[in-house]
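J.: Pasting the sequence and the predicted model now:
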Amino acid sequence: MTAMPDAALLLMDVQVSIVDRFAGGAEQLLAAVNRAAAAARANGIPVVYVRVAFRPGAPEVDPNNRIFAGLAGSSAFAEDAPGAQIHPAVAPQTGDIVVTKKRVSAFAGSDLDMVLRSRGARTLVLAGIATSGVVLSTLRQATDLDYALVVLRDGCADADEEVHRVLLDKVFARQADVVTVDEWIDEIGHRS
């Protein structure tokens with residue numbers, strides 16, 4: 001695994017309404033995300049929460065966007081909507097950063113790249129929901145932006161287990177180190 005003195009942990013789309021869709025596996029996922037965040041904070045690694053939210057009426061959503069078009073006129077993902085907030089089980093702590101995006105990738109419609117570069121981050125550690133959504137899109141864009149990447153296997157979830165497995169084992173492994181939260185914690189612990 002790549003050394004990580006310049007890392008940032010990205011916890012993506014762990015929002016109330018998104019987490020609630022994973023009722024069966026949400027508890028394990030949230031516990032893994034919490035362990036990763038605590039270890040990052042203890043090792044001086046910035047924790048960055050990325051959430052998707054829109055202005056009232058979602059004027060940013062184009063009707064051609066099949067993922068978000070159904071939200072036009074809805075308040076489900078309005079910036080202040082309860083379901084659009086970070087899940088309270090993994091709530092940001094003092095010093096953590098919250099970035100709001102407007103599309104699937106954590107970089108699209110956000111100032112994430114600026115925040116990361118201002119912190120000197122060159123390695124991104126990715127966790128979030130869904131593996132086939134925000135994690136995949138962010139990994140691809142981060143690769144094009146020349147970030148080194150780590151994906152936390154048990155810090156990701158997807159509604160389709162087979163897609164989740166194929167992405168982690170076959171697709172992501174070509175561009176990132178794919179490890180468990182505990183493996184990552186051991187790695188950063190040895191670095192301290």
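T.: Happy to help now that I have it.
J.: after the longest strand anywhere in the chain comes which helix or strand?
T.: In the chain, taking DSSP state E as the definition, the longest strand is strand 148-157. Heading C-terminal from strand 148-157, the first helix or strand you meet, by DSSP states H and E, is helix 161-166.
J.: With just CA atoms, put stretch 142-151 into CSV.
T.: Only the C-alpha atoms of stretch 142-151 are listed here, as CSV (Å, rounded to 0.1, in the frame of the first residue of the first chain):
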residue,chain,number,x,y,z
ALA,A,142,-9.5,11.4,-9.1
THR,A,143,-7.4,9.1,-11.3
ASP,A,144,-7.6,11.7,-14.1
LEU,A,145,-6.6,14.4,-11.5
ASP,A,146,-3.5,12.3,-10.6
TYR,A,147,-4.4,11.4,-7.0
ALA,A,148,-3.2,8.2,-5.5
LEU,A,149,-6.1,6.1,-4.4
VAL,A,150,-7.2,3.7,-1.6
VAL,A,151,-10.7,2.2,-1.5
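J.: what residues does that stretch touch?
T.: Here stretch 142-151 makes contact (C-beta atoms under 8 Å, 6 or more residues apart in numbering) with 1-2, 4, 7, 107, 113, 116, 121-127, 135, 139, 168, 172, 175-179, 184. For glycine as for every other residue, the C-beta is placed from the backbone atoms N, C-alpha and C.
J.: Provide a list of residue ranges in the protein with pLDDT below threshold.
T.: Where the chain drops to pLDDT under 70, the residues are 1-5, 23-24, 71-74, 191-192.
J.: again, only this time at 90
T.: 1-5, 21-26, 55-63, 65-78, 189-192 (pLDDT under 90).
J.: could you show me where the helices are in it, in order?
T.: Using DSSP state H, the helices of the chain run over 16-19, 26-42, 112-118, 136-144, 161-166, 181-191.
J.: Among those helices, single out whichever gets nearest to Lys102.
T.: Smallest distance to Lys102 across those (C-beta to C-beta): 11.3 Å, for helix 112-118.
J.: With that, I have no additional questions.
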